[in-house]
Structure formats: C-alpha cells, structure tokens
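> Show me the folded form of this:
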Amino acid sequence: MARVIVGMSGGVDSSVTAALLKQAGHDVVGVTLNVWPDLPNMPEIQREDACCALGAVEDARRVADTLDIPYYVLNFREVFEDKVIKDFVQTYASGRTPNPCIRCNQFIKFDALLVKARQLGADYVATGHYARIEHGRPNRLRKAADPQKDQSYVLYVMSQERLGAAMMPLGNFTKSTTRQIAAELGLSVANKPESQDICFVPFKRYTEFIELYAPEVLQPGPIVDQAGKVLGEHQGIALHTIGQRRGLGVAAGQPLFVTSHEPSTNTVVVGGPEALLKTTCRLEDINWIDGEPPLEPTSATGKARYRSAEVPCRVRRDGDTLVVEFDQRQKALTPGQALVLYDGEYVLGGGTITR
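Now for the predicted structure:
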C-alpha cells in the first residue's frame, strides 16, 4: 500500500477521505495547511466556516486522533499570499474577475503540498474533492458521480503529473453518504456546515478585503455607456464585476449592467442586458489534461461558471490561445474567470477568459 498525505481542512469531506484511505490499508498522514494571512491593516477576525481558520486546525487534529494517524500543520502562508492573494487583488485591479479556488488547487494543494509530500516520502496527495481520477496512460479527470457536488470545474488545472500523484476517494459518493460514513465512524465533524465563499476574505463582500489589503489600486474613474457617454463615477474598477447591476450609482431609462472594463483609461462600461450576450470568447493560460489541445477544431461542451450548465461549443487553437464558439449566445463571459471544456463526463481542459 502507498503512503498518502491527506490535506485535512477540518471539514467532513477531508476527514472521511483520511478515514477511507486508512481503511484501505494505506499509510495515511494528515496535514492542515496554515494559509491564513497575517496581513497589515486586516482586523483580527476570521470566518469560522473558512477551511483555513484556526478552528479548522483543532477539528482536523481531533479527527486525526480519532483515526490514530500522524498529523501536522504546515506553514504555507508565504506561498499562499504570493500565488493566491496577490493574484486575487491584481486581477480585480486589472478589470478582471479571479477564481482564487482554482489557483489554490493549482499552486498550493497540488504543487507546494506535493513537493512537501515527496519530502515526507509519500506517494500521493489526497483531498476531499468530489471528482474522479482514472489513473492510466493518460491519467483522466472525470466528473463526480453526484452532479450536485461535482468539483471538476475547479480542477481543470490538473496536469498529468498532478493527476498521477492525486487521490480523490469521494468521487463516487453523495454528500449525504459522506456524512453518514463520518457519523458511523464517530467523527466529530459529521454534521459540520460546509465552508463557503473565499476562505481568506473574512467579510461578506470581497471589496472590503481589497479596500484594506491594497487601497492604492482603487482609483476613481468614469462610468460610460456603450457610446462612451459619461454617466457617473466609480471608486475603482476592482469594485465592479461583469454582469453587476446593483451599486452602480447611475440612473437610466433601462436596467444597466457592467459589460466591460477599460483598465488603460480606468473606465467602467455599462449597457443593457443585450450587451452582455456573446457567442465567442478567447482563452489564455491553457491547461489541457492530455498535454496539448488538438490541432484541429473540436466539439465540446463548455462551462463558464462553477454552478452554470455546460453548453455545446466548438474549440480551435489560435497560437497560444483557444477560441471558443458557442451554439447560442452566452451571458456575461467574464475575463479572468475559467472556462472549462468537457467531453461527456471527462474534463478536456480549459483556460482563463481573456475577452
């Protein structure tokens, strides 16, 4: 059997992951990643439901004691701030909308943690994600059996190396089954609520975090309509996302939505709902599970948000980018967000929407 490092967030999913792997006979070591930022100007508060909160460490430690497995807390604060938090702020400041959970999976859970796992003599890193890995040549990433819990969208950045060294034993379970297993094993987190939203933002609005962490990126500028007419003033393009309707502070004869940003002129552009609809977008920072996107145009289904439905599309390469053409117009294809491409139940790859 293999030695497996389990990333334990203090929640029920990672706790049951550790339990199942131990039951299977693996040499299991539990670790919690200390990523909670020690940031200037940030109040001394934490969200209790955050996977990186101090309470999560105590919950994970209790589970490890119950399972009788070694347990460690690893300091990943510096790499987390560099790879996730700074990118989060810089992406918003450039007029794009980031997805920090995807970067955390890519650079923290399956890069930095994998390096640490190798140092500890481990063969695999395991997490409580709801997705399925089929190890082979090539390794394949498959949707979870439960479509309500499928997390393959945030895992499209997995490479062949990352997939080959990863385990996700919950991929065939429903959440209720996971909780039932935890209860049967007497784990204290069996009924613990799920963590929500962005783990390192201890506020209801992400904008409060930016205002405290990097107030210098917030500079006032014009709000204009599709014809360039000035309608009002914003307090920073980082405070406005594509598709936003509320909080614009401008009046017109129809509902107005943020349709784009122009960082070079620090401008927020608004328009009616029709202006949000597009049939084509371009992707950069491509990750293709099998290695390289096909040279010839290919059919797929695309998903532009974690909770959105997949829609048919065609994909073609254009240099280092991918052009995605949808069969029907899509609403608010947002630069900075991920668009993930599927072939049935399998993840083909994806990239970051650039325009």
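> just for the stretch 101-250 of the chain, where's the confidence low?
By pLDDT under 70, the weakly predicted segments of the stretch 101-250 of the chain are 196-197, 202.
> could you redo the last one with a cut-off of 80?
For the stretch 101-250 of the chain, applying pLDDT under 80 flags the ranges 195-205.
> The residue of the chain most remote from its centre and Val270, how far apart?
If you look at how far each residue of the chain sits from its centre, by CA atoms, centre = their mean, the farthest one is Gly253, at 36.9 Å. Gly253 is 13 Å from Val270, where distance means CB to CB, to the nearest Å. Backbone N, C-alpha and C define where each C-beta goes, glycine included.
> And Leu341, by the same measure?
30 Å.
> In terms of neighbours, single out the busier of these two.
Leu341 (27 against 24; other CB atoms under 10 Å).
> Just want the phi and psi numbers for the more buried one.
Main-chain torsions, Leu341, degrees, to the nearest 10: phi -110, psi 140.
> what pLDDT does it get?
Predicted confidence (pLDDT) for Leu341: 98.
> Do a quick rundown of the helices in the stretch 101-250 of the chain.
Ranges of helices in the stretch 101-250 of the chain, per DSSP state H, counting those that start in this stretch, are 113-119, 160-164, 175-184, 206-213.
> what's the burial count for the closest residue to Thr178 other than its chain neighbours?
Excluding its sequence neighbours, the residue lying closest to Thr178 (CB to CB, 6 or more residues apart in numbering) is Val16, at 5.0 Å. If you count neighbours by other CB under 10 Å, Val16 ends up with 25.
> In contact with Val16, which residues?
128, 170, 178, 181-182, 185, 187 (CB atoms under 8 Å, 6 or more residues apart in numbering).
> which strands and helices sit next to the longest helix belonging to the chain?
If you go by DSSP state H, the chain has its longest helix at helix 54-67. Secondary-structure packing of helix 54-67 (3 or more CB pairs under 8 Å, 6 or more residues apart in numbering; DSSP states H and E): helix 12-23, strand 27-34, strand 71-75.
> So for Pro100, which of those sits nearest?
Each of the helices and strands packed on helix 54-67 has some distance to Pro100 by CB to CB; the shortest is strand 27-34, at 14.1 Å.
> Tell me the strands beside that closest one, with direction?
Strands that pair with strand 27-34, judged by DSSP bridges, come out as strand 3-7 (parallel), strand 71-75 (parallel).
> looking at those, which is buried most?
Most buried of the strands paired with strand 27-34 by mean neighbour count (mean count of other CB atoms under 10 Å) is strand 3-7; its value is a mean of 25.
> Out of the helices and strands packed on helix 54-67, the one nearest Arg314 is which?
Across the helices and strands packed on helix 54-67, closest to Arg314 is helix 12-23 (CB to CB), at 35.5 Å.
> relative to strand 71-75, how tilted is that closest one?
130 degrees (axes from the mean of the first three to the mean of the last three CA atoms, to 10 degrees).
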